[in-house]
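J.: Dropping a prediction and its sequence here:
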Amino acid sequence: MRNFDLVVIGAGPGGYVAALRAAQLGLSVACVEERATLGGTCLNVGCIPSKALLSSSEHWAEVKHLAAHGITVGEAGFDLGAMMARKDKVVGDLTKGIAHLFKKNGVEWLNGRGTILAAGQVQVGDEVVGAKNILIATGSEPATLAGVAVDEEVVLSSTGALSLARVPEHLVVIGAGVIGLELGQVWARLGAKVTVVEYLDRILPGADGEIAKTAQRLLQRQGLAFQLGRKVASVTRDGAGATVTLERRDTGAVETLAADAVLVAIGRRPRTAGLGLKALGVTVDARGFVAVDGQFRTGVAGIYAIGDAVPGPMLAHKAEEDGIAAVEGIAGHAHAAPDYGLVPGVVYTAPEIASLGATEEALKEAGRPHVVGRFQFIANGRARAMGATDGLVKVLGSETGRILGAHIIGRNAGELIQELVLAMSTGATLEQVAASSHAHPGMGEAVKEACLAALGKPLHA
Ligand code: FAD
Ligand code: NAI
């Protein structure tokens, strides 16, 4: 029997990063992955292919607005097959890159489905390997809707919606969350009529309400239609399309939508069934998340879990940080328990939507005294020069100037939020961010201005 200090199950951003770091710390490491390629959901069917299509479709959408910059182009067109091939190449290059990193760092890839026979033993195909420590990094899969069968032809999960062979005439998206908005925008830009149906009365639950409202307005302006406060009663295939039956939550009235394609994007659930956890005595909650402590230890000695398989934001960077903390703990290096309140979330639509920490609603609900500072990009010189004036920076602080939350909607919001992540993580105050030099002309000046506004001394407002 081959023996390893650590066997990681799952090679997503949580598992592969953990495997690399553990090897760098001197542990002998194997990583079990059943896919034919490494990188998990994120690289294969998540973050990377969705961003590749967002980027391609954004270039196409921009062609129509080049006249504003004094540029005329001849007849423009796009080749969906070529766009998909580019996306597949980006994914292929990155997944091969991880295989290369595994080789370079001496991580053994065991290609197959892993199950845990006992603490210290993992089965992969016919082989049983010994593992001083086991790290569950099996990630997540799309949640399903009762009575709605995903066939990846007409009724799609995010995976199917990343590989359509033609642009649907009418795409109905169920769920106005991150996937619904990102992939809805891709197909709307490429010419589909897109209707987003949402159970709640708002889009992007969890995001700051003001920012979500702004996002809805801007996305509607781009052609996305929203039907909020609707419960999906059924989705039935008929011929080449499907009929989506909805129930209005306020009146109970029943409505139907005829669709060429339906994307079910109502959340993701952990992939922890079939690993043998119950028999081992590992605690799994009703939704399938593995219970862990601040060091990612399950209740069973030598078994750890991270990433989408444990509670917390279901995000790639969170999974990576979990993985690093878990293996540093295993290798005997002290590591503080993670603070998920400092994990930024970014929706990569145009405009991008970035959030960090508390929302204004949450602070109000908690009765927590706070100050708010806003700065609209329309008043920012760089945004004007680029023609990216939609959106704003909003910061929330305590009365003593501690940053409690930050929410940005606008071009490059996902990069702009990083300054505030660092500020919040290191305890830098509104005053300190406002006092630091921000290059001119830059979108980042709007972050400085929002902090100044929160302090009651706005400059350009
Ligand atoms: P995963 O990436 O899900 O990896 C788990 C791996 O384990 C998989 O490869 C699976 O095959 C393997 N596995 C499972 N069970 C077994 C087993 N028993 N044996 C062997 N192998 C097994 N997050 C972001 O931060 N930014 C984004 O822009 C973003 N975009 C996304 C877009 C889409 C369309 C989707 C679906 C998700 C997106 N996410 C994004 C979320 C992100 O992909 C996940 O949070 C992240 O991949 C979780 O990492 P993980 O390592 O925990 O699990
Ligand atoms: P989500 O949780 O973001 O959104 C799901 C939406 O569906 C919610 O608005 C919810 O109210 C709605 N909903 C649930 N049941 C419904 C029903 N029966 N009918 C109508 N609406 C319903 O989940 P999503 O978009 O599927 O994404 C899954 C996960 O993947 C997210 O947790 C996110 O963290 C991650 N992700 C992250 C991305 C990023 O960071 N850019 C991109 C894509 C996914």
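T.: Okay, I see it. Ligands and ions are numbered 1, 2, ... in the order given.

J.: how about the helices in the stretch 351-461 of the chain?
T.: Remark: helices assigned in the stretch 351-461 of the chain by DSSP state H, counting those that start in this stretch are 360-365, 381-386, 413-426, 430-435, 445-454.

J.: tell me the contacts of residue 405?
T.: 208, 355-360, 362-363, 395-396 (CB atoms under 8 Å, 6 or more residues apart in numbering). In this view, the C-beta of every residue, glycine as well, is placed from N, C-alpha and C.

J.: so which of the helices of the stretch 351-461 of the chain comes closest to residue 171?
T.: helix 413-426 (24.5 Å; CB to CB).

J.: Just the CA trace of that closest one, in CSV.
T.: Extracted C-alpha coordinates of helix 413-426, given in CSV (Å, rounded to 0.1, in the frame of the first residue of the first chain):
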residue,chain,number,x,y,z
ALA,A,413,-15.2,47.1,-9.2
GLY,A,414,-13.6,43.7,-8.6
GLU,A,415,-10.2,45.2,-8.6
LEU,A,416,-11.2,48.4,-6.8
ILE,A,417,-12.6,46.5,-3.8
GLN,A,418,-9.1,45.0,-3.0
GLU,A,419,-7.9,48.2,-1.4
LEU,A,420,-10.8,48.1,1.0
VAL,A,421,-10.2,44.3,1.6
LEU,A,422,-6.7,45.2,2.7
ALA,A,423,-7.9,48.1,4.8
MET,A,424,-10.6,46.1,6.6
SER,A,425,-8.2,43.1,7.1
THR,A,426,-5.5,45.3,8.6
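
J.: For ligand 2, what's the nearest residue on the stretch 301-450 of the chain?
T.: Residue of the stretch 301-450 of the chain nearest ligand 2, by CB to the nearest ligand atom: residue 314 (3.9 Å).

J.: can you map out the helices along the stretch 151-300 of the chain?
T.: Going by DSSP H, counting those that start in this stretch, the stretch 151-300 of the chain shows helices at 158-161, 178-189, 209-221, 277-280.

J.: Was I right to think residue 310 contacts residue 297?
T.: No: taking contacts as CB atoms under 8 Å, residue 310 lies outside contact range of residue 297: 10.9 Å.

J.: higher neighbour count, these two?
T.: Higher neighbour count among residue 310 and residue 297: residue 310, with 25 against 18, using other CB atoms under 10 Å.

J.: ok, and which of the helices of the stretch 351-461 of the chain has the densest surroundings?
T.: helix 445-454 (a mean of 25; mean count of other CB atoms under 10 Å).

J.: returning to what we had before: how about the residue of the stretch 301-450 of the chain closest to ligand 2: what's its closest non-neighbour residue?
T.: residue 308 (4.7 Å; CB to CB, 6 or more residues apart in numbering).

J.: okay but that neighbour is in contact with residue 320, surely?
T.: No: using CB under 8 Å, residue 308 is not in contact with residue 320, being 11.6 Å away.

J.: joint contacts of the two?
T.: residue 14.

J.: residues from the stretch 251-400 of the chain in reach of ligand 1?
T.: Within the stretch 251-400 of the chain, the positions adjacent to ligand 1 are 271, 275, 307-309, 314-317, 319, 348 by CB under 6 Å from any ligand atom.

J.: In helices, which of those fall?
T.: In this view, those that belong to helices under DSSP state H are 316-317, 319.

J.: Spell out the residue ranges of the strands in the stretch 301-450 of the chain.
T.: Counting by DSSP state E, counting those that start in this stretch, the stretch 301-450 of the chain has strands at residues 303-305, 345-347, 352-357, 371-376, 392-397, 403-410.

J.: Closest residue of the protein to ligand 2?
T.: residue 177 (1.7 Å).

J.: Count residues in the vicinity of whichever residue of the stretch 101-250 of the chain sits closest to ligand 1, would you?
T.: In the stretch 101-250 of the chain, the residue that lies nearest ligand 1 is residue 139 (2.0 Å; CB to the nearest ligand atom). When counting by other CB under 10 Å, one arrives at 27 neighbours for residue 139.

J.: ok, now the one 3 residues further on?
T.: Here the count is done by other CB under 10 Å, and residue 142 has 21 residues near it.

J.: In contact with it, which residues?
T.: 150, 157-159, 264-265, 267-269.

J.: who's it bridged to?
T.: For residue 142, the beta-bridge partners are residue 268 (DSSP bridges).

J.: start the count at 35, not 1, going forward
T.: Sure, I'll start numbering at 35, so the last one becomes residue 176.

J.: on that earlier part again, got TSV for the strands of the stretch 335-484 of the chain, with distance to residue 283 too?
T.: Output for the strands of the stretch 335-484 of the chain, formatted as TSV (distance: least, CB to CB, whole Å):
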stretch	distance to residue 283
strand 337-339	36
strand 379-381	24
strand 386-391	25
strand 405-410	31
strand 426-431	29
strand 437-444	27
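
J.: With respect to residue 140, which of the ones you listed lies nearest?
T.: strand 337-339 (20.4 Å).

J.: so how far is residue 430 from residue 65?
T.: Distance, residue 65 to residue 430, using CB to CB, to the nearest Å: 40 Å.

J.: okay, these two: which has more neighbours?
T.: Between residue 65 and residue 430, counted using other CB under 10 Å, the more crowded position is residue 65 (29 against 26).

J.: Which pLDDT does the model give the more buried one?
T.: pLDDT for residue 65: 98.

J.: Run through the residues that contact it.
T.: Contacts of residue 65 by CB under 8 Å, 6+ apart are 41-45, 49-50, 53, 72, 136, 141-144.

J.: run the last query once more with 6 Å
T.: 42, 45, 53, 141, 143 (CB atoms under 6 Å, 6 or more residues apart in numbering).

J.: Could you list the contact residues of the stretch 285-434 of the chain toward ligand 2?
T.: Counting by CB under 6 Å from any ligand atom, the stretch 285-434 of the chain sits next to ligand 2 at 299-302, 348-349, 379-382.

J.: Which one of those residues is nearest to ligand 1?
T.: residue 349 (3.6 Å).

J.: ok, so what distance separates the closest one from residue 125?
T.: Separation of residue 349 from residue 125 (CB to CB): 19 Å.

J.: so where do the helices sit in the stretch 35-184 of the chain?
T.: 47-58, 74-79, 81-97, 114-139.

J.: Output those as JSON lines; include the columns mean pLDDT, distance to residue 407 and mean neighbour count.
T.: As requested, these are exported to JSON lines (pLDDT from 0 to 100; distance: least, CB to CB, whole Å; neighbours: other CB atoms under 10 Å):
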{"stretch": "helix 47-58", "mean pLDDT": "98", "distance to residue 407": "33", "mean neighbour count": "27"}
{"stretch": "helix 74-79", "mean pLDDT": "98", "distance to residue 407": "33", "mean neighbour count": "25"}
{"stretch": "helix 81-97", "mean pLDDT": "97", "distance to residue 407": "29", "mean neighbour count": "18"}
{"stretch": "helix 114-139", "mean pLDDT": "98", "distance to residue 407": "38", "mean neighbour count": "15"}
